[in-house]
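Engineer: Return atomic coordinates for the entry below.
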Amino acid sequence: MSRAGALGSLDVSVRTDWKIAVVVPCYRARGQVLDVLARIGPECAAVYVVDDACPDGSGKHVQEHCRDARVRVLFHRENQGVGAATLSGYRAALADGAEVLVKLDADGQMDPALIPALVAPILVGEADYAKGNRFFDLEGLGSMPAVRLLGNSALSFLNKLSSGYWDVFDPTNGFTALHGAVARRLPLDKLARRYFFESDLLFRLGTLRAVVTDVPMPARYGAEKSGLSVKSALFEFAWKHLVNTVKRVFYGYYLRDFNFASLELVLGLLLVAGGSCFGLLQWRASSGSGVATNAGTVMLAALPVLLGVQLVLGFLAHDMHSAPRQVIHRRLGPPR
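Structural biologist: All right, here's what the predicted structure looks like:
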């Protein structure tokens, strides 16, 4: 099948000669990786398998048994994490002139047949970064373990805060596509090296004002085991999301710009903090003296808190409507 045929669902005016590269981080996936590689369609010009010091020798296994000329195997001497493996693949693909970088896990949970649908928003100029979302098909969610379902929902909310992409869900989904010109503008050396990679990448894309879109995909779970513990991820990721949230708000509302929403946030937080402190001090004094606090004092404590909450909600409403809408890869030009 020709590449044009593989992308036949796209508009005829869209280029069909894009150089699409697939990066496959590989760790303990010896039993699935060959099948995954075999199902990558002809629309992809190159495939980079990154063996992240896999104890099962997945990379060597691919070298010995895969006859696909598009496949190149890269090796890490030490295990660095899925993010680091992806970045090694990105760098190799960019050096070879790739225009779209697809990240596909080696465990078989992602269907390579969906790659044309994943890259389509980038090819038609609607997005700079596309990612899978397993939550579109409610019936298909029955195969997702309940712990993962709840964990993903919590992590998705934290990611909305830290990235500013309020309309994006399933942030830990590793089935992604990135425009090469945008990848070259990212501080690749600063991105998280392990499981926080996808979430950190969204934060970095937000600082560039890149357009991100979700692409529906089914949730597929077999006998494979995820190396990510949802319980530990929630605690570890919560702190990292908090740090990124502070960075994003500072960059976007006080360093690069200053607008009414910037004032709303500062005044809102000050009023909430001031009202809360005043209320606690009055409660402590009342408890110590045994004299009930009068209604006027209660209102002096409650009013700043209520007003501050309204201002913070106003800031959040502005933030939710400020997600990037114009793709940036057109202004960046083709990958060098």
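
Engineer: When you work out contacts or count neighbours from here on, use the C-alpha atoms and nothing else.
Structural biologist: Noted.

Engineer: I figured residue 264 was touching residue 316, is that so?
Structural biologist: No: counting by Cα atoms under 8 Å, residue 264 sits too far from residue 316 to count as a contact (9.5 Å).

Engineer: Look at these two and report which has more neighbours.
Structural biologist: Using other Cα atoms under 10 Å, the more surrounded residue of residue 264 and residue 316 is residue 264, with 21 against 17.

Engineer: Check which helix or strand that one maps to.
Structural biologist: When elements are assigned from DSSP states H and E, residue 264 belongs to helix 260-289.

Engineer: Counting by contacts, list what the next helix or strand after that helix packs against.
Structural biologist: Where DSSP H and E defines the elements, the next helix or strand beyond helix 260-289 is helix 295-320. With contacts taken as 3 or more Cα pairs under 8 Å, 6 or more residues apart in numbering; DSSP states H and E, helix 295-320 sits against helix 260-289.

Engineer: Just the buried positions in the helix it packs on, please.
Structural biologist: By 16 or more other Cα atoms under 10 Å, the buried positions in helix 260-289 come out as 261-265, 267-269, 271-272, 274-276, 278-279, 282-283.

Engineer: any residues touching stretch 253-269, and which ones?
Structural biologist: Contacts to stretch 253-269, defined as Cα atoms under 8 Å, 6 or more residues apart in numbering, come from residues 251, 307, 308, 309, 310, 311, 312, 314, 315, 318.

Engineer: Can you show me the CA trace of it as CSV?
Structural biologist: Below are the C-alpha coordinates for stretch 253-269, written out as CSV (Å, rounded to 0.1, in the frame of the first residue of the first chain):
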residue,chain,number,x,y,z
TYR,A,253,1.1,35.8,33.8
TYR,A,254,3.9,37.7,35.3
LEU,A,255,7.1,37.3,33.2
ARG,A,256,5.8,37.2,29.6
ASP,A,257,2.6,39.1,30.2
PHE,A,258,0.6,40.9,32.9
ASN,A,259,-3.1,41.3,32.6
PHE,A,260,-6.3,41.5,34.7
ALA,A,261,-6.1,37.8,35.4
SER,A,262,-2.7,38.3,36.9
LEU,A,263,-4.2,40.9,39.3
GLU,A,264,-7.2,38.5,40.1
LEU,A,265,-4.8,35.7,41.2
VAL,A,266,-2.6,37.9,43.4
LEU,A,267,-5.5,39.8,45.0
GLY,A,268,-7.5,36.6,45.4
LEU,A,269,-4.8,34.7,47.1
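
Engineer: Looking at it now, give me its mean pLDDT.
Structural biologist: Averaged over stretch 253-269, pLDDT sits at 96.

Engineer: residues near residue 92, how many?
Structural biologist: When neighbours are counted by other Cα under 10 Å, residue 92 registers 17.

Engineer: Assign a three-state SS to it, would you?
Structural biologist: helix (DSSP: H, G, I helix; E, B strand; the rest coil).

Engineer: ditto for the one 10 residues further on
Structural biologist: When the structure is reduced to helix, strand and coil (three-state DSSP), residue 102 reads as strand.
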